[in-house]
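Q: Sequence and predicted model, in that order:
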Amino acid sequence: MVVPVGRLAKCLSPPSWPPTTTTTTTTTTTLLQEIASNHHKGVGKVVLKKGRTQLFKDGSPMVYSGAVDRIIGRPPPKTGDIVLVADGTEKPIGWGLYNSISMFCVRLMQLEEEVARDTSCALNMEKLVETRIHAAIQLRRNLGLPSGNTNAYRLVNSEGDRLSGLIIDIFGDLAVIASSAAWVEKYKPHIKTCMNRLDGINYISWRPSIEILKEEGVDLSDSKEIYTPTPLERVKVMENGISYLISLEGQKTGFYADQRENRQFMSTIADGKNVLDMYCYSGGFSLNAARGGAINVTGVDSSLPALELARENIVMNNLDSRKISFLRRDAADFMKDAVSRNECWDIVIMDPPKLAPRRKVLESASGMYRNLNSLAMRLTKRGGLLMTCSCSGAMTQSGMFLRILQAAASTVGRKVTVIRQAGAASDHPIDPSYPEGAYLSNILLRVL
């Protein structure tokens, strides 16, 4: 089902803004402090260390505990409470949500300048959530989402949509909400109410990130209802005119919408080519290659449920099963066997799972990326193309990925040139003041 954006947005109409007034910095500070003093619960204050203020005034949304000098409040704030964030002289620079356990002491929600322009959301998390979701809807409308040929996309992308810790993917009439912050769990009823109001959304699936939430001081491991039950087990969606079945028991939110534009690009270069798709999951790149005119496509993955979806996707899109096939194999074992048989392909796609979930394992993950890509290059015809990916934020942010690819090429006596570099699709915005939000690298190489 395609959800018309006009219908999607109608219940979250923009807030009525009060008249904008010109004010000095002193007045702005007084305004935020005055609003806090009138708050019915009282508001604590997190005071930053000297020299740390500018980073957050420039927009960084995460106040790390190491940047905090002291906390003012009687009683002291609890996890999930609204707090002011102030400079060393105790003048507020903004407000956010406090966490006494996490390394992220405060997730900043608004700066004082924003409060001066519009007081309607100041220290009001419910109103702010509604306003930011509405802004996210407007952005996706500007990007042409949803459309007649795509109804699977990301509606809210955490820091990129200024709702740190909250991700919402839309799959037709289903909203999948991924929670990775204590405040998201606290405001769960309100977030679900916001989504239920959206015309065209009939189902909601709540998917908390259990391990990340433990670091936030939220332990859901013994919860009787970790995932919100829905009557849906699988959902049919469309992306770039290709239909997919999504399993709600699958990985992450169920579908990797971040590769949408890269999958579409694959369809433009696959005509007349033999294509190998490693870690194919439910067949996204494979289906696009086949639709783009590839003469033969082989997808490889170790997950039987994912391959069952991929095979159903072949039938659902009326593709020739003689030209596209999926194999259940370990990726490294498959590539080693193919190398021993001197097999090669015109295009090889390498999209492994996250190999470096943390910076501390970056060194060992680098070796895995190098070895896997060395094998992939040996399977790429000379003059052919290798599309290789990393979804590990630690790898992407390190800037090491290209160097690892060069080392992989040198190891097997091949020469590579970069044809294209890309990241996540445009419905995955990134806050430049929080570069940690960039996680996906997609690099197209010519292999000689």
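A: Structure received.
Q: Please report how far Leu372 lies from Ser364.
A: According to CB to CB, to the nearest Å, Leu372 and Ser364 sit 13 Å apart. C-betas here are computed from N, CA, C, even on glycine.
Q: Please read the previous query as pertaining to Gly165.
A: In terms of CB to CB, Gly165 sits 28 Å off from Ser364.
Q: between Leu372 and Ser364, who's got more neighbours?
A: A direct count of neighbours by other CB atoms under 10 Å for Leu372 and Ser364 places Leu372 higher, at 20 against 10.
Q: pretty sure that one is touching Asp333, no?
A: No: Leu372 is beyond contact range of Asp333, at 11.7 Å (criterion: CB atoms under 8 Å).
Q: got the contact list for Val418?
A: Contact partners of Val418, counting by CB atoms under 8 Å, 6 or more residues apart in numbering, are Leu402, Ile443, Leu444, Leu445.
Q: so what does the helix or strand in which the second one is found touch, helix or strand wise?
A: Using DSSP states H and E, Ile443 maps to strand 441-447. Based on contacts counted as 3 or more CB pairs under 8 Å, 6 or more residues apart in numbering; DSSP states H and E, the elements that strand 441-447 packs against are strand 380-390, helix 401-411, strand 416-422.
Q: Nearest to Gly96, out of these?
A: With distances scored as CB to CB, the stretch of the helices and strands packed on strand 441-447 nearest to Gly96 is strand 380-390 (30.9 Å).
Q: Report the rounded mean pLDDT for the closest one.
A: Summarised as a single mean, pLDDT over strand 380-390 is 98.
Q: Now the element after that strand, going C-ward?
A: helix 393-398.
Q: what's in contact with that next one?
A: Residues outside helix 393-398 that contact it (CB under 8 Å, 6+ apart) are 355-359, 361-362, 365-366, 369, 390, 401, 423, 435-441.
Q: and those residues, which are buried?
A: Buried subset of these (neighbour count, 16 or more other CB atoms under 10 Å): 355-356, 362, 365-366, 369, 390, 401, 423, 437-441.
Q: Among those residues, find the lowest-pLDDT one for me.
A: Among these, pLDDT bottoms out at Ala356, giving 81.
Q: how about the residue sitting nearest the centre point of the chain, what does it touch?
A: Nearest to the geometric centre of the chain sits Asn157, at 5.6 Å (CA atoms, centre = their mean). Going by CB under 8 Å, 6+ apart, Asn157 touches Ala136, Ile167, Asp427, His428, Pro429, Ile430, Gly437.
Q: Then Val447?
A: Going by CB under 8 Å, 6+ apart, Val447 touches Met377, Thr380, Lys381, Arg382, Gly383, Gly384, Leu385, Leu386, Ala409, Arg414, Lys415, Val416.
Q: Could you check how many residues crowd around Leu327?
A: Count around Leu327 with other CB under 10 Å applied: 12.
Q: Isn't Gly80 up against Trp183?
A: Yes: taking contacts as CB under 8 Å, Gly80 lies within contact range of Trp183: 5.5 Å.
Q: Out of these two, name the residue with the larger neighbour count.
A: The residue with more neighbours, out of Gly80 and Trp183, is Trp183; 26 against 20, by other CB under 10 Å.
Q: so who does Leu245 touch?
A: Counted by CB under 8 Å, 6+ apart, Leu245 has contacts Arg234, Val235, Lys236, Ser282, Leu309, Glu312, Asn313, Met316.
Q: So which of these sit within helices?
A: Leu309, Glu312, Asn313, Met316 (DSSP state H).
Q: now the second one, nearest residue through space, not along the chain?
A: It stands for Glu312. Leu245 (5.4 Å; CB to CB, 6 or more residues apart in numbering).
Q: How about the last one?
A: With CB to CB, 6+ apart as the measure, Ser243 is the residue that lies nearest to Met316, at 4.9 Å, once sequence neighbours are left out.
Q: Surely that neighbour forms part of a strand?
A: Yes: judged by DSSP: H, G, I helix; E, B strand; the rest coil, Ser243 forms part of a strand.
Q: Lowest-scoring secondary structure element of this protein by mean pLDDT?
A: Ranking every helix and strand in the chain by mean pLDDT, DSSP states H and E puts helix 5-9 at the bottom, with a mean of 48.
Q: rewinding a little: keep only those of the contacts of helix 393-398 that are in helices.
A: If you go by DSSP H, those have Leu362, Ala365, Ser366, Tyr369, Phe401 in helices.
Q: Sort out which residues of stretch 37-56 are buried, please.
A: Applying a neighbour-count criterion of 16+ other CB under 10 Å, one finds Val43, Gly44, Lys45, Val46, Val47, Leu48, Arg52, Thr53, Phe56 buried in stretch 37-56.
Q: Who are the contact partners of the third one?
A: This points to Lys45. Ile71, Ile72, Gly73, Val83, Leu84, Val85, Ala86, Glu90, Pro92.
Q: With Met266 instead?
A: Applying CB under 8 Å, 6+ apart, we find Met266 in contact with Phe285, Asn288, Ala289, Gly292, Ile347, Ile349, Met387.
Q: Pull out the buried members of the contacts of Val447.
A: Burial by neighbour count, judged by 16+ other CB under 10 Å, picks out Met377, Thr380, Gly384, Leu385, Leu386, Ala409, Arg414, Val416 from these.
Q: so where's the chain shaky on pLDDT?
A: Along the chain, segments meeting pLDDT under 70 span 1-30, 40, 222-231, 250-251.
Q: how near is the residue of the chain most remote from its centre to Thr298?
A: Going by CA atoms, centre = their mean, the residue of the chain most distant from its centre is Arg341, 38.5 Å out. Per CB to CB, Arg341 is found 13 Å from Thr298.
Q: Leu386 now?
A: Leu386 is 15 Å from Thr298, by CB to CB.
Q: Identify those among the contacts of Asn157 that sit within strands.
A: Those of the contacts of Asn157 mapping onto strands are Ile167, per DSSP state E.
Q: Listing partners with orientation, what would you give for the helix or strand hosting Val275?
A: Val275 belongs to strand 274-278 when elements are defined using DSSP H and E. Sheet pairing for strand 274-278, assigned by DSSP bridges, gives strand 296-301 (parallel), strand 345-350 (parallel).
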